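1. Following is a predicted model, sequence given first.
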Amino acid sequence: MTQPRIAIVGMAIESSAYAAHRAGYRDFPVLTGAELIARYDFLAPGRPLADAAEWIPVFMARAIPGGAVLREVYDDFKGRIVEGLREAGDVDGVYFDIHGAMSVVGLDDAEGDLVTAVREVVGPDALIAAPMDLHGNMSETLALALDLPTCYRLAPHEDAWETKERSAERLVEWIRRGEKPSTAWVRVPILLPGEKTSTRVEPARSLYAQLEDVEKKPGISDLGLWIGYAWADEPRCHATVMVTGDDEAVITAEAERIAGELWDARDDFAFVGPPGSLDEAVDAALAHGAAGGEKPYLISDSGDNPGAGGSGDVTWTLTRLLADERLTGDGAPLVYVASIFDQGAIEQLFAQEPGEQVDVVAGARVDHRVSEPIRIRGELVSLHEGDPAAGRIAVIGVGGIRAIVTEFRKAYHDVADFHAIGLDPEAADIVVTKIGYLEPTLYDVAKGWTLALTPGPVDQDLERLGHSRIVRPMFPYDAFDERPDLSAAVIRGRRYVRGFAGTASA
């Protein structure tokens with residue numbers, strides 16, 4: 001067989017329906033050509049996959065999570081993808097690099113719309129593989145268009161690049177076989193936040209740990225368990241199991257078994273970290289320090305986590321911390337608070353010098369449904385430039401608090417983010433950051449932790465947000481008198497051969 005031709009395209013973001021933020025051009029770094037190939041280490045010269053196919057880098061745009069994408073931005077990027085595929089000519093496959101929970105203003109199923117446009121260009125015979133986040137939502141349109149869907153198996157997503165490489169390997173394998181796999185697909189009526197489904201703890205740990213061994217069974221090529229994305233509000237929001245392979249009996253049995261295990265464990269899912277209110281979190285952190293506990297104590301400001309779709313400028317938590325005299329008075333512990341963004345406030349702060357007293361109103365310019373802009377009066381500790389995400393950064397000291405204000409949205413999810421602005425997390429008594437479960441480097445340094453259940457666009461209290469468009473009944477919103485139908489639909493050649501045919505899109 002001649003070397004297969006595989007196009008690389010993608011657009012990825014995780015979008016909260018409850019975030020006032022709208023993702024625009026600045027949110028999406030764009031990669032094409034050699035830069036796009038370089039994104040994937042497994043396509044580096046000398047790597048087996050690099051020589052296994054002719055990889056055609058068309059277009060990739062990826063943003064950190066946030067709100068829905070502006071329609072004009074999506075339409076532009078979709079047009080570039082379509083035109084790039086046309087220029088590429090005939091291809092044997094498409095590596096469709098997406099997240100799975102992108103929302104676009106005015107669209108219900110953004111990835112379904114995008115993959116439909118891709119399929120129209122490349123035709124029915126090209127294979128489409130999609131490496132996805134396990135927090136993706138699988139619509140019927142997307143499921144029918146994909147030949148090889150797969151997803152991460154760890155949350156936090158420490159296997160993201162391993163999954164992307166596995167997806168590319170499977171795509172090359174099936175193209176060389178000259179065949180298309182079948183897929184067994186089960187919708188599971190469960191919708192839970194990621195902080196209750198982390199693979200660091202049970203039951204998700206065991207559910208996902210088995211997948212690698214199951215994948216080795218004869219007749220199975222790949223399998224994915226999507227726990228779904230809880231902060232969207234669309235009919236496609238639910239958990240999903242999909243198993244691909246060439247033995248329909250085997251893939252069906254395994255898809256139904258895994259879906260059943262997920263359903264049976266539904267009541268066992270709990271927060272990955274000790275949860276509590278913000279007041280309880282601060283009390284616990286101060287008690288930890290008073291008892292001689294090691295530094296730092298981490299507090300997750302989970303309701304406005306940019307890593308899950310938060311707007312990133314909700315001031316609810318900072319307002320309460322600045323009002324707490326235990327943190328701002330004499331002898332206060334050292335507390336890093338990350339972060340809020342406000343371009344206007346940054347302009348004002350950069351007109352002053354470190355060491356000067358500042359008085360600035362910041363935050364809640366984008367998302368003021370939960371809280372209002374906050375007045376910060378204190379010492380300008382430091383100024384920083386050059387962060388590709390945050391732009392310019394200012395640190396303001398108020399008693400023991402070091403409040404971080406950025407020009408643009410920034411997720412402080414790595415110790416390196418703090419070190420870059422002269423703040424050592426291990427020197428702080430308390431680190432408060434907009435995050436849910438702790439990403440690896442923060443997890444490693446934390447000597448105590450509370451997952452603060454704060455309000456915001458990614459509120460852990462899903463019922464407080466008020467989903468209205470998900471398909472009901474859905475756990476945990478509804479009680480189930482009996483087990484739901486967890487039988488698998490089987491897709492062969494992008495057509496149902498059993499199940500779901502004729503049902504409404506979900």
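-> That came through, no problem.

2. low-scoring pLDDT stretches of the stretch 401-506 of the chain, where are they?
-> Scanning the stretch 401-506 of the chain for pLDDT under 70 picks out the ranges 502-506.

3. Would you map the helices across it?
-> 415-419, 440-445, 462-465 (DSSP state H, counting those that start in this stretch).

4. now those in a markdown table, with distance to Gly67?
-> Just so you know, the C-beta spots here come from the backbone N, C-alpha and C atoms, and that holds for glycine as well. A markdown table is the format used below for those (distance: least, Cβ to Cβ, whole Å):
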| stretch | distance to Gly67 |
| --- | --- |
| helix 415-419 | 22 |
| helix 440-445 | 24 |
| helix 462-465 | 14 |
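
5. which of the ones you listed is buried the deepest?
-> Highest mean neighbour count of these: helix 415-419, a mean of 18 (counted as mean count of other Cβ atoms under 10 Å).

6. packing partners for that helix?
-> Helices and strands touching helix 415-419, by 3 or more Cβ pairs under 8 Å, 6 or more residues apart in numbering; DSSP states H and E, are strand 335-341, helix 440-445.

7. chain center to the first one: distance?
-> Using Cα atoms, centre = their mean, to the nearest Å, the mean C-alpha position of strand 335-341 is found 21 Å from that of the whole chain.

8. Indicate each strand paired with it and its parallel or antiparallel sense.
-> Sheet pairing of strand 335-341 (DSSP bridges) gives strand 401-406 (parallel), strand 430-433 (parallel).

9. So for His99, which of the ones you listed sits nearest?
-> Closest to His99 of these, according to Cβ to Cβ: strand 430-433, at 21.9 Å.

10. got the buried residues for the closest one?
-> Within strand 430-433, the residues that count as buried by 16 or more other Cβ atoms under 10 Å are Ile430, Val431, Val432, Thr433.

11. do you know how far the second one is from Thr450?
-> Right, the one you point to is Val431. Separation of Val431 from Thr450 (Cβ to Cβ, to the nearest Å): 11 Å.

12. again with Ile435
-> 12 Å.

13. Common neighbours of the two, please.
-> Common neighbours of Ile435 and Thr450, using Cβ atoms under 8 Å, 6 or more residues apart in numbering, are Ser300.

14. can you list the helices and strands packed on helix 415-419 in CSV and add distance to Ala143?
-> Listed next are the helices and strands packed on helix 415-419 as CSV, based on distance: least, Cβ to Cβ, whole Å:
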stretch, distance to Ala143
strand 335-341, 37
helix 440-445, 31
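
15. Nearest approach to Asp222 belongs to which of the ones you listed?
-> Using Cβ to Cβ, the nearest of those to Asp222 is helix 440-445, at 25.1 Å.

16. I would like the residues contacting that closest one, please.
-> Under Cβ under 8 Å, 6+ apart, the answer for helix 440-445 is 156, 158, 296, 298, 413-416, 425-426, 431, 433, 435, 437.

17. Show the buried residues in those.
-> For those, a burial check counting by 16+ other Cβ under 10 Å picks out Pro156, Pro296, Leu298, His413, Val415, Pro425, Val431, Thr433, Ile435, Tyr437.

18. give me every residue that touches the last one.
-> Each residue near Tyr437 by Cβ under 8 Å, 6+ apart is listed here: Ala155, Pro156, Gly194, Glu195, Ser198, Arg200, Val272, Gly273, Ser300, Tyr443, Leu451.

19. Looking at those residues, state which has the most neighbours.
-> Of all the contacts of Tyr437, Ser300 has the most neighbours under the rule other Cβ atoms under 10 Å, reaching 30 neighbours.

20. can you pull the contacts of that one?
-> Taking Cβ under 8 Å, 6+ apart, we find Ser300 in contact with Gly273, Thr433, Ile435, Gly436, Tyr437, Leu438, Trp449, Thr450, Leu451, Ala452.

21. so what's the backbone phi/psi at the fourth one?
-> Per-residue torsions, Gly436: phi -100, psi -110 (degrees, to the nearest 10).

22. Give me the neighbour count for it.
-> Neighbours around Gly436, by other Cβ under 10 Å: 27.

23. cool, and Glu385?
-> Counted by other Cβ under 10 Å, the residues lying close to Glu385 total 10.

24. Relative to Ala160, how far out is it?
-> From Glu385 to Ala160 the distance is 29 Å (Cβ to Cβ).

25. next one: Leu423
-> 27 Å.

26. mind checking the longest strand of the protein?
-> In the chain, with assignment by DSSP state E, the single longest strand is strand 374-387.

27. how far out from the middle of the chain is the next helix or strand after it?
-> Under the assignment DSSP states H and E, the closest C-terminal helix or strand after strand 374-387 is strand 391-398. Offset of strand 391-398 from its chain centre (Cα atoms, centre = their mean): 26 Å.

28. and what of stretch 286-300?
-> From the chain centre to the centre of stretch 286-300 is a distance of 29 Å (Cα atoms, centre = their mean).

29. same deal with stretch 31-48?
-> The answer for stretch 31-48 is 23 Å, by Cα atoms, centre = their mean.

30. buried ones in it?
-> Those buried within stretch 31-48 under the rule 16+ other Cβ under 10 Å are Leu31, Leu36, Ile37, Arg39, Tyr40, Leu43.

31. and the end-to-end length of it?
-> End-to-end distance of stretch 31-48 (Cα to Cα, to the nearest Å): 23 Å.

32. And stretch 44-52, by the same measure?
-> 12 Å.

33. List the contacts of it.
-> Outside stretch 44-52, the residues touching it (Cβ under 8 Å, 6+ apart) are Gln3, Pro4, Ala38, Asp41, Phe42, Leu43, Glu165, Ala168, Glu169, Val172.

34. Dig out what Gly448 forms beta bridges with.
-> Per DSSP bridges, the residues bridged to Gly448 are Tyr297.
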